[in-house]
Every structure is written in structure tokens, then in C-alpha cells.
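[1] Model the following, please.
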Amino acid sequence: MCKIFFLILFLLGFINLISYGQSEMGYSISQEVVKLSNDPIMSYGQLGLSIQSLKTGKEIVSENAVKNMSPASNLKLLTTAAALKILGENYVFKTLLEYDGEIKDSILSGNIYITGSGDPSLGSDRYKGYPGMEDLINLWTKKIKEAGIKKINGAVIADPTIFEQNTIPDHWPWGDIGNYYGAGVFGLNINENLYRIYFKGTFPGDSARVVKINPELKETTIVNEVMTGAAGSGDNAYIYSSPNSNYIYIRGTIPANTDQFSIRGALPNPPLLCANLLTTALLNLKIRTEGKPAVLLKVNATKLSRKIIYTHNSPLLKDIVKQTNMNSINLNAEAILKTCGVKKNKQGSVEAGIKAVQGQWKQMGLETNGWFMYDGSGLSPNNGISASQLAKALYLYSKDSSFNSFYATLPVMGQSGTVTRIGKGTAADGNMRVKSGTLTKVICYSGYFKSKSGEMYSFSLLANNYTCSNAAMISRLEKIMIKMAEMP
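    Numbers count the residues shown, from 1 in each chain. Prediction:
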């Protein structure tokens, strides 16, 4: 009897020895999280971490993991992954160049339409083999000329009616929406819905002068209160405007001793810019239009009877998703969200898109209670989800047939995207696929990593409402992720 007892003790000890390495490292990671949680910089904040095994689905580390927290741009992971399922990884946006009426003796008695599908890549210079804004407009003029049109008795009309007229999610902060990262999403987008304002900065304390704006914003009043800051001080200028507005207010500072310092703003009316640019380009080819460029606010009677001059196809959705996650492009995420709404609920709205995305995740087995979603990009401070839910979603997606396409869209720690500068020269360098997320007093990282033995894990690490600088918090979270990559 005594021999049997000692044999049982030996076997239990052997089993514990086998799992000791992993449990010890899990304990080590938890210690780091608890240490940071108890730091004075987190006195008024929250820190959450969940690590889940892709092999077993078990949560091997859980620290404050069920608390609802702001995910910032980590929310893009859920939007883009769901879209690859709802729309398909090879989905293509189609922008149509059309006309109504008839062409007789080279005269079009009708209008030219630029009919959007919500394509966020239209006219962007990020995609190899696809035309940027200027080349795209030139291509359209060429197609109109090839259609035998030399005069247009109507106008160039932009048709963005595939999406709702409300272009900004309701809960976005006012201070964001005039800047490029807060651009509204329209049914017809162009040049990532951004423009550049170029300043000349002389001496610190002097006013900064606007040199040029590209593309040109016609009939727009700009109130410039930007000052010149210290040399090398960077972009500290902010733009205040709103969709469809012709009034732009700018304040803040730009560096001294600069001749062409640019900041990026959100185009107030991208569809109208499209119509204006095409009208001007046609005029340069001696193709006159009688009417003024315009934008449709609702579907008109000619939509079904229009004839197609040219169809512009976007890059594949998986390529757009890669740019979205690598560079954290809010416009892309919001356009993808609304397109999911069109596909699943026949409505191009934020609400329809959220319903589609959360419905897809629920179908895949994710518990959505406690997940508060107000946009597709994570820019709204009202969004909320737990680290455990995010890590669970990433685990569930690892079992999907489109996982490899999704995995390839994520930045590589120390090497690409928004995490190029962190984890360099450590076990995390090249080993972690991770999406970063940043808002005021919010830093988050979620994604996948491999242990030293090659086992894969999903994780979510969220920090909210700390009292230190973003740079200091990034450094602290980086240490935790390096320990994760050092797991045996």
C-alpha cells in the first residue's frame, strides 16, 4: 500500500514537471501584469491580458481579462476578419462610370455619373498596379472620349447613394473628424478622403503661412491660426471641420525653418471633389459640360437605365484588409463595415454593419454580451470589449478557412506596420503578428505569437486610463509581450 502511495506521488510530480516550464512562464507573465497594475501610473486605470492556446482553446493567462475596456484600433481585427467571411477574401469593389440619356452626333443629351460602391481604395497610391487620383481621373476622361462624347448637355454627377448620407459614426469626437484619420466614409471615396495643407514655418512664435492645398478645395474658407513651434517639434496642428462643410479651422504648431511642411485633413465632400476633378479634366480635353458638377443625395429615376462606360475594379478585399491592419486606416475599416451592412442587411449604414459583424462573430461562437460596438475602426471612445473576448475571437478565427489570409494582414513585431519600432532584437522580433491600438490614454495590442517550442497562441493586452505618457506605457507593455514570446 505504501509503495502504491509513493508511486502516485512520483507520477503526479512527473506530470507537474512536464507542465512546469509553461506554467512557470505563465506565472512570470502574470507577475509582470500584476506589477504594472499595482504601479502608481495605473492607480486610476485598468490593465487586462488574456492568452489562449490555439491548440486547446484554453486560456493559459487571465489577468483582469473579463473587464470591459476600450480596444481602440484593435477593433479593426474584428471588423476585417468578419468582412473576409461575409464578403469573401476575393471581394472586389466596383466603381462605375455611366451615362443616362443618349449620344447623338458626339453630343450626350444627359449626364455622366460616377457611381460609387464604397471603395476606400479608389485613387489611393498604396496599391501597386492601381491608379492614383490624378491617373484615375485621366483614365475616366479617356474612357468618355473613347465613347464618342465631345459635348455633354448635362453635368458630371457623383452617386454615393449606396451608403447612408450620415458619413461619420455618431460617437466620434469632434476634435478628430476634421483630420485625415477621422475622415467620413462616403459611397464614393477618393484619395483616401484626405487632402494636404502645406505650411511655411519661419521662426518660433511666428504665424505659419499656408503655401498650398492639394487637392484644391474650391469655395472653402480656411481660418489659419497655426503658429511656428520649435525646430523639429513635428506636427502639432489640428484641423476642425465636418462633412459637407465649406469652413475649415486650423490651430496648433508646425516646426520652424520649414518650407513645405504638410498636415493631412479630411475632405469635406469627396464625391463633389470627384465630380469637380472630372469636369475640369474633360474641359482640358475640350469636352464641355453645360451643368455644374453635383452630388446625388438619393437614388434617382435613371439609375436602372444608365449605360456603363467603364467599370473600375478595386484590389481584392484581402489586400485592402492588409493595408487596413498594417497601417490602421480608419476609412477602410468604416467602408468595409458599411459594405458588410449592404451585403447582409441591404443597408449601407454603421448600424447595419455592426449588426452584420457582431452577428458573424456570434455565428462563429463568440459571446457578444458586453461587447459594445459603435464603429468599425475603434476611433469611438465608447467602444468596449474584454481582453478575453478579443483573444477568444482570434482563437476562433484560427479555425476558419480564411485564417491564412487574415493572418497575413497583421503587422509583424519589430518589422512592419504600426509595430515596426517595438520588440526589435528580442524574442518577439519577427515572431508576433500584432495589431496596435491607440487613443487618448489607451494603448492596446492583440494578435498571435509562437512560443519557443512553436506552439501558437492568441492574446489581447489592453491598457486604459494610465497617468504616464503613451511612450512610457508602450515600453511597459512591450516588456510583457517579450516575456510572452519567451514562453517555452
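[2] Quickly find the element holding residue 395.
    Taking DSSP states H and E as the definition, residue 395 sits inside helix 387-397.
[3] Same question for residue 90.
    Per DSSP H and E: nothing holds residue 90, as it lies in no helix or strand.
[4] Pretty sure residue 455 is one of the things residue 53 touches, is it not?
    Yes - with contacts counted by C-beta atoms under 8 Å, residue 53 reaches residue 455, the gap being 6.9 Å. C-betas here are computed from N, CA, C, even on glycine.
[5] Tell me how many other residues surround residue 454.
    6 (other C-beta atoms under 10 Å).
[6] Looking at strand pairing, list the partners for the closest residue to residue 238 other than its chain neighbours.
    Among residues not flanking residue 238 along the chain, residue 252 sits closest, at 5.0 Å (C-beta to C-beta, 6 or more residues apart in numbering). Here residue 252 sits in beta bridges with residue 226, residue 237, going by DSSP bridges.
[7] got a list of contacts for the helix holding residue 395?
    Helix 387-397 is contacted by residues 48-54, 57, 59, 62, 64-67, 69, 71, 74, 77-78, 81, 361, 364-368, 370-371, 403, 406, 446-448, 458-462 when judged by C-beta atoms under 8 Å, 6 or more residues apart in numbering.
[8] and if you look at stretch 337-357?
    Taking C-beta under 8 Å, 6+ apart as the rule, stretch 337-357 contacts 78-79, 82-83, 86-87, 93, 117-118, 162-164, 166, 169-170, 185, 187, 334, 359-360, 373-377.
[9] From the chain's centroid, how far away is that stretch?
    16 Å (C-alpha atoms, centre = their mean, to the nearest Å).
[10] Quick one: residues contacting residue 444.
    69-74, 436-438, 460-463.
[11] With residue 402 instead?
    Counting by C-beta under 8 Å, 6+ apart, residue 402 has contacts 84-85, 89.
[12] mind checking how far residue 243 is from residue 466?
    33 Å (C-beta to C-beta, to the nearest Å).
[13] For these two, indicate the residue with more neighbours.
    residue 466 (23 against 20).
[14] if I read this right, the more buried one contacts residue 37, doesn't it?
    No - assessed by C-beta under 8 Å, residue 466 is found out of contact with residue 37, at 10.4 Å.
[15] In three-state terms, label the nearest residue to residue 212 once chain neighbours are set aside for me.
    In space, and not counting its chain neighbours, residue 212 is closest to residue 198: 4.9 Å by C-beta to C-beta, 6+ apart. Secondary structure for residue 198, judged by DSSP: H, G, I helix; E, B strand; the rest coil, is strand.
[16] how deep is residue 198 tucked in, by neighbour count?
    Residue 198 has 17 nearby residues by other C-beta under 10 Å.
[17] Specify the beta-bridge partners of it.
    residue 212, residue 262.
[18] Just list the residues touching it, thanks.
    Per C-beta under 8 Å, 6+ apart, neighbours of residue 198: 210-214, 260-262.
[19] in stretch 382-392, what counts as buried?
    383-392 (16 or more other C-beta atoms under 10 Å).
[20] what about the helices in the stretch 201-350 of the chain?
    In the stretch 201-350 of the chain, the helices defined using DSSP state H, counting those that start in this stretch lie at 270-284, 317-327, 330-345, 350-363.
[21] So which of those helices is the most surrounded?
    Of all those, helix 330-345 has the most neighbours on average by mean count of other C-beta atoms under 10 Å, namely a mean of 26.
[22] And the pLDDT at the closest residue in space to residue 400 that isn't next to it in sequence?
    Using C-beta to C-beta, 6+ apart and skipping the chain neighbours, the partner closest in space to residue 400 is residue 85 (7.0 Å). Here the pLDDT value assigned to residue 85 is 97.
[23] Just give me the neighbour total for residue 85.
    Neighbours around residue 85, by other C-beta under 10 Å: 19.
[24] In contact with it, which residues?
    Contacts of residue 85 by C-beta under 8 Å, 6+ apart are 360, 364, 400, 402.
[25] quick revisit: convert the C-alpha atoms of the helix or strand following the helix holding residue 395 to CSV, please.
    Counting by DSSP H and E, the next helix or strand C-terminal to helix 387-397 is helix 403-407. Below are the C-alpha coordinates for helix 403-407, written out as CSV (Å, rounded to 0.1, in the frame of the first residue of the first chain):
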residue,chain,number,x,y,z
PHE,A,403,-7.4,32.4,-41.4
ASN,A,404,-4.2,32.4,-43.5
SER,A,405,-5.4,35.4,-45.5
PHE,A,406,-6.3,37.2,-42.3
TYR,A,407,-3.1,36.3,-40.5
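[26] Just give me how far helix 403-407 sits from the chain centre.
    With C-alpha atoms, centre = their mean, you get 17 Å for helix 403-407.
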